[in-house]
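>>> sequence below, structure please.
(one chain, ligands or ions: 1)
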Amino acid sequence: MIREPLIFEISDKGKRAFRLPKLDIKAKKALFEGLAIRDAITDFPQVSEVEVVRHFTRLSQQNYCVDLGIYPLGSCTMKYNPKVNEKVAALDGFAQSHPLAPVDMVQGNLEVIKLVEDYLGEIAGMNAFTLQPSAGAQGELTGMMLIHACHEARGNPRKIVLIPDSAHGTNPSSAHLCGYTVQEIKSNENGTVDLEDLAQRMTEDVAALMVTNPNTLGVFEYDICKIAEIVHTKGGFVYMDGANMNALTGICRPGDMGVDVIHINLHKTFSTPHGGGGPGSGPVGVKAVLEPYLPIPRVEMKDDVYVLNFDRPGSIGRVRSFHGNFLVVVKALAYMLSLGPDGIREIAEMAVLNANYIRKSLEKDFHLKYTTPTLHECVFSDKLQKDHGVSNLDIAKRLIDLGVHPPTMSFPLIVHGALMIEPTETESRRDLDMFIEAMKQIAREAKEDPGILKSAPHQSYVRRLDETTAARNPIVKWEREK
Ligand SMILES: *Cc1c(COP(=O)(O)O)cnc(C)c1O
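Alright, predicted model coming up:
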């Protein structure tokens, strides 16, 4: 196997992909001369067209993607993204419109924004949505800012945000960025929020509880209504991390469970590519009490035309330029319309069925710390394989040899040696069986031939990396040899 060089290493002075003919008119001074034109870029690679195309084609073939096969990264919802979404987003009226175009020229685009806000409101049971945040994590920060603004308007922004110990790392980061102190809530033996611990910590200093439902173990918080009541009684808000909405769409609505604020990841639940595949979008939905604080501008209908309303004195302001990642929103709308209400319910039904099929098929081969029923994902651990000196890292690396992308590892933190598997609804029975067979083979190898796991992967372009050295001595900049 050849090592693909860096594009800098195949650079030869003077090579070009194309050349323009010499000007036969007098050159005009560029509009921005002296302002925005940068000097020549030193060491910029100089390569021919065929070299560029072959370099990036070879790199792309060393990569793994949802178009190649199952990508069961727990919590990430790496579903297959239908190509029709891309086709719709590439239409000129969407792709070529300028974010500063006058509103009467982009009525259709504003309608897309309004429609997606309304559909998400219906799916999540919330009164209003903003589509500005660029990802789930920015949605969390936006939600925290809305909560802060509302408490502040009531006279006291409060100090603390409560977060269960199973939460995604972005939850405490977002609360902290917004100036709150984070307190951890313990999980009980079912892996859900410990109600007693919550009741004890829930004081009038607490601004909000951030809860993920179903949580990162894939377990539904069956006590969510009681949880919301405990928080509301002390004047706090319930923020729901909606990254796991894939388990709930069309079946139940967070707004009906007492949730006051939620973010949804369009690039997870609503099928827009993510992970190197494109930008994200983390819409935030709120109940009516928080609506006055939503980011500006708001798309509103006035005298039968869509307008942008900036005149909202309570607003936290903008959290992003323009309307967020608009084309991601277009793709999500194409996805929702192509499925329809019944199809949207089927997302959750199939996602839960697929995850439970995997769980049931592998429960004798891999250890399950929590035996509580799970929805759209399941979290195994490497406990049984540890007896043979095999860790979750070895299992993940060996899966690469067997042609499948490894699951999420070592998260959630409450499961030591975690292997968190989320197949999503888009995998066929055949692909699920292939994944299960690969995992079973690994369980056998752990007992009979652990060495093959410890040295995996054997078939990939890049072999086992020295992660310690990579972290301690990262080489991230190429320098020309002197
Ligand atoms: C993915 C995820 C997030 C963060 O979302 P991004 O869009 O990656 O910023 C937060 N919480 C959970 C549970 C997630 O799975």
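>>> what is the burial count for whichever residue of the chain sits closest to the ligand?
Residue of the chain nearest the ligand, by C-beta to the nearest ligand atom: Gly136 (2.4 Å). Every residue, glycine included, has its C-beta placed from N, CA and C. A count of nearby residues for Gly136, using other C-beta atoms under 10 Å, gives 27.
>>> where exactly do the strands run in the chain?
Along the chain, counting by DSSP state E, strands occupy 128-130, 160-164, 181-185, 206-212, 237-241, 261-263, 284-286, 298-302, 305-309, 367-368, 378-381, 408-409, 418-421.
>>> off-centre distance for the lengthiest helix in the chain?
In the chain, assigned by DSSP state H, the helix with the most residues is helix 326-362. Relative to the chain's own centre, helix 326-362 is displaced by 15 Å; criterion: C-alpha atoms, centre = their mean, to the nearest Å.
>>> can I see the domain layout of this protein?
83-338, 346-470 (automatic domain parsing).
>>> mean confidence for the last one?
On average, the pLDDT along domain 346-470 is 96.
>>> check whether it comes near the ligand.
No - applying C-beta under 6 Å from any ligand atom, one finds domain 346-470 separated from the ligand by no less than 9.0 Å.
>>> what's the span of that domain, first residue to last?
With C-alpha to C-alpha, to the nearest Å as the measure, domain 346-470 spans 43 Å from end to end.
>>> equivalent analysis for stretch 456-473, please.
23 Å.
>>> how about stretch 64-83?
End to end - C-alpha to C-alpha - stretch 64-83 spans 18 Å.
>>> quick one: residues contacting the spatially closest residue to Pro457 that is not a sequence neighbour.
Of all residues not flanking Pro457 in the chain, Ile400 sits nearest, at 4.2 Å (C-beta to C-beta, 6 or more residues apart in numbering). With contact set as C-beta atoms under 8 Å, 6 or more residues apart in numbering, Ile400 has these partners: Pro406, Ala456, Pro457, Gln459, Ser460.
>>> got it, and Glu221?
Here Glu221 is in contact with Thr192, Val193, Val211, Asn213, Pro214, Asn215, Ile227 (criterion: C-beta under 8 Å, 6+ apart).
>>> can you add neighbour count, pLDDT and distance to Cys76 and give the residues you listed back as TSV?
What follows is the contacts of Glu221, written out as TSV (neighbours: other C-beta atoms under 10 Å; pLDDT from 0 to 100; distance: C-beta to C-beta, whole Å):
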residue	neighbour count	pLDDT	distance to Cys76
Thr192	24	96	22
Val193	28	96	23
Val211	28	98	19
Asn213	26	97	17
Pro214	21	97	15
Asn215	24	96	15
Ile227	26	98	25
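>>> mind picking the two most distant members of those?
Pro214 and Ile227 (13.4 Å; C-beta to C-beta).
>>> any chance you could map the helices in the stretch 151-300 of the chain?
170-177, 195-201, 224-233 (DSSP state H, counting those that start in this stretch).
>>> what's the closest of the strands of the chain to Gln200?
Of all the strands of the chain, strand 181-185 comes closest under C-beta to C-beta, at 9.5 Å.
>>> give me the angle between the closest one and helix 170-177.
Strand 181-185 and helix 170-177 are oriented at 150 degrees to each other (axes from the mean of the first three to the mean of the last three C-alpha atoms, to 10 degrees).
>>> what's the burial count for the closest residue in space to Ala135 that isn't next to it in sequence?
Closest residue to Ala135 apart from its sequence neighbours, by C-beta to C-beta, 6+ apart: Gly280 at 4.0 Å. Using other C-beta under 10 Å, Gly280 has 23 neighbouring residues.
>>> next up, the contacts around Gly280.
Counted by C-beta under 8 Å, 6+ apart, Gly280 has contacts Ser134, Ala135, Gly136, Asn265, Leu266, His267, Thr272, His274, Asn325, Val328.
>>> thinking the last one is in contact with His267, fair?
Yes - when contacts are counted by C-beta atoms under 8 Å, Val328 is listed as touching His267 (6.7 Å).
>>> related to what we said a few turns ago, format the strands of the chain as TSV; extra columns: distance to Glu152.
Conversion of the strands of the chain to TSV gives the following (distance: least, C-beta to C-beta, whole Å):
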stretch	distance to Glu152
strand 128-130	19
strand 160-164	15
strand 181-185	16
strand 206-212	10
strand 237-241	13
strand 261-263	15
strand 284-286	16
strand 298-302	20
strand 305-309	22
strand 367-368	44
strand 378-381	38
strand 408-409	37
strand 418-421	37
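>>> which among those is found nearest to Arg19?
Here strand 305-309 is closest among the strands of the chain (C-beta to C-beta), at 45.0 Å.
>>> what's the closest non-adjacent residue to Val305?
Nearest to Val305 is Gln107, by C-beta to C-beta, 6+ apart, at 6.6 Å.
>>> how far away is that neighbour from Leu120?
21 Å (C-beta to C-beta, to the nearest Å).
>>> hang on, the earlier thing: kindly provide the distance from the residue nearest to Ala135 to Ser166.
On the measure of C-beta to C-beta, Gly280 and Ser166 end up 23 Å apart.
>>> which strands or helices does the lowest-mean-pLDDT helix or strand in the chain pack on?
The weakest-scoring helix or strand in the chain, judged by mean pLDDT, DSSP states H and E, is helix 467-472 (a mean of 90). Helix 467-472 sits against no helix or strand, with contacts defined as 3 or more C-beta pairs under 8 Å, 6 or more residues apart in numbering; DSSP states H and E.
>>> for that helix, what is the distance to the chain centroid?
With C-alpha atoms, centre = their mean, you get 26 Å for helix 467-472.
>>> got it, and stretch 298-314?
That offset, for stretch 298-314, works out to 30 Å (C-alpha atoms, centre = their mean).
>>> same question, stretch 142-153
Per C-alpha atoms, centre = their mean, the centroid offset for stretch 142-153 relative to its chain is 23 Å.
>>> near the ligand, which residues of the stretch 151-300 of the chain?
Residues of the stretch 151-300 of the chain lying near the ligand by C-beta under 6 Å from any ligand atom: His168, Thr170, Thr212, Thr216, Asp241, Ala243, Asn265, Gly280, Gly282.
>>> widest-spaced pair of the residues you listed?
Thr216 and Gly280 (18.5 Å).
>>> which residues in the stretch 351-482 of the chain form helices?
Going by DSSP H, counting those that start in this stretch, the stretch 351-482 of the chain shows helices at 383-386, 392-401, 429-448, 450-454, 467-472.
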